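Undergrad: Let me see the structure of the following:
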Amino acid sequence: MTSAAPHEAGFSISIEPSGRSFVVQPDETILAAGIRQGIGLPYGCKDGACGSCKCKKLSGEVMLGTHQSKALSAEEELAGYVLTCCARPQSDVVLESRQVTEAGAFPIRKMPARVAALVKKSHDVVMLRLQLPAGEPLQFHAGQYVEFILRDGARRSYSMANAPHTLAEPGTGIELHIRHLPGGKFTDHVFGAMKEKEILRIEGPYGSFFLREDSDKPIVLLASGTGFAPIKALLEHMKFKAIDRAAILYWGGRRPEDLYMDEWVRAQLAGMPNLRYVPVISNAVPDDNWTGRTGFVHQAVLEDFADLSGYQVYACGAPIVVDSAKRDYMALGGLPEEEFFADAFTTEADKAIP
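TA: All right, here's what the predicted structure looks like:
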């Protein structure tokens, strides 16, 4: 395939049906250029692993970088789909994308953050609270994430578990829920040597996972493990904004202790009468004395809702849970694809899978 050499001004990307357009510099991916210019393209991992940024190429040529087949299959590629996170234009390009137009894009900023608190929530989950620089509030949508920039330049992404309005309270920073992945460069440090007052570098906000407030559809919130973090932020935001749409939270874990803020969720039910909560455990042992729902959390939703055609779903957690939910809710529950919003928590191990 021959392609035009990038001219110095870069190539133009047009988004349909919104008509928005922007320029991609020769050294950028389409997504990076869109983020830089506040275009609001959907995305999740930015690493070719989750598929959140997938969209249809209507015209033009792109070169796709390394990505996983579960994010973009060979068949989808042949059909003209691309992942904007690893696509570099070789000509002017027209894309069809479900653009994030419901909310403005906040500026992405780098800043130091001080460890204000480390609270163990279970044997392998800590709540990390970060104090941000005074007078420099981080603007974000509930559900978005920040990236830690490690000393060697590597990055690790974590969703903010509190809603933006909570930062107005004195001494309140951003809250993150971090699960220990033994051997993990960052989480070994968090669970080992990290101390209060340590200075870290973060950048954000990132992500297109946040509540679509222009809809009045009932909501299914689906979380696995620490995928609860951005869901918690959504719940805080809904309560603060008095959004009273019917919502039901399904939170899944292997053992009951994996639902590490179960009491917090139950405490919210009194103040949010339209919220319901269904905890689901997949690997309970007799000592757990678990009497609630068992099995896979995404399947529990279909057991309760044969027809999802009138719902919005917000799913967060392990990629296998998010991917299975999207596939089954669309195929079996009639959920419209444009009403499924997700943030798959891809680990470094996930990204390494070919």
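Undergrad: Please, where are all the helices along this structure?
TA: Taking DSSP state H as the criterion, the chain carries its helices at 30-36, 74-78, 185-191, 228-240, 262-268, 297-304, 319-331, 348-352.
Undergrad: Relative to Met160, which of these is closest?
TA: helix 228-240 (5.8 Å; Cβ to Cβ). Placement of C-beta: from N, CA and C, glycine included.
Undergrad: pLDDT (mean, whole number) over that closest one?
TA: Averaged over helix 228-240, pLDDT sits at 97.
Undergrad: who touches Leu41 in this structure?
TA: Applying Cβ atoms under 8 Å, 6 or more residues apart in numbering, we find Leu41 in contact with 15, 30-31, 34-35, 53, 55, 84, 97, 99-100, 208.
Undergrad: now do Trp264
TA: By Cβ under 8 Å, 6+ apart, the neighbours of Trp264 are Lys232.
Undergrad: returning to what we had before: among the contacts of Leu41, which one sits closest to Asp323?
TA: Using Cβ to Cβ, the contacts of Leu41 come closest to Asp323 at Cys53, 14.7 Å.
Undergrad: I'd say that closest one and Pro42 touch.
TA: Yes: Cys53 is within contact range of Pro42, at 6.0 Å (criterion: Cβ atoms under 8 Å).
Undergrad: For Leu83, give its distance to Leu221.
TA: Taking Cβ to Cβ, to the nearest Å as the measure, Leu83 and Leu221 are separated by 26 Å.
Undergrad: what's the answer for Asp288, then?
TA: Using Cβ to Cβ, Asp288 is found at 24 Å from Leu221.
Undergrad: Tell me the buried residues in stretch 71-78?
TA: Within stretch 71-78, the residues that count as buried by 16 or more other Cβ atoms under 10 Å are 71-72, 76.
Undergrad: Equivalent analysis for stretch 315-330, please.
TA: Across stretch 315-330, burial judged by 16+ other Cβ under 10 Å covers 315-319, 321-326, 328-330.
Undergrad: Adding distance to Glu203, write the residues you listed out as JSON lines.
TA: Converted to JSON lines, the buried residues of stretch 315-330 look like this (distance: Cβ to Cβ, whole Å):
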{"residue": "Ala315", "distance to Glu203": "25"}
{"residue": "Cys316", "distance to Glu203": "21"}
{"residue": "Gly317", "distance to Glu203": "23"}
{"residue": "Ala318", "distance to Glu203": "24"}
{"residue": "Pro319", "distance to Glu203": "23"}
{"residue": "Val321", "distance to Glu203": "27"}
{"residue": "Val322", "distance to Glu203": "24"}
{"residue": "Asp323", "distance to Glu203": "27"}
{"residue": "Ser324", "distance to Glu203": "31"}
{"residue": "Ala325", "distance to Glu203": "29"}
{"residue": "Lys326", "distance to Glu203": "28"}
{"residue": "Asp328", "distance to Glu203": "35"}
{"residue": "Tyr329", "distance to Glu203": "32"}
{"residue": "Met330", "distance to Glu203": "33"}
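Undergrad: out of those residues, who's nearest Ala267?
TA: Closest to Ala267, out of all of the buried residues of stretch 315-330 and judged by Cβ to Cβ, is Cys316, at 20.5 Å.
Undergrad: what number of residues lie near Asp304?
TA: Residues lying near Asp304 (other Cβ atoms under 10 Å) number 13.
Undergrad: Could you double-check that it lies in contact with Val278?
TA: Yes: using Cβ under 8 Å, Asp304 is in contact with Val278, at 7.4 Å.
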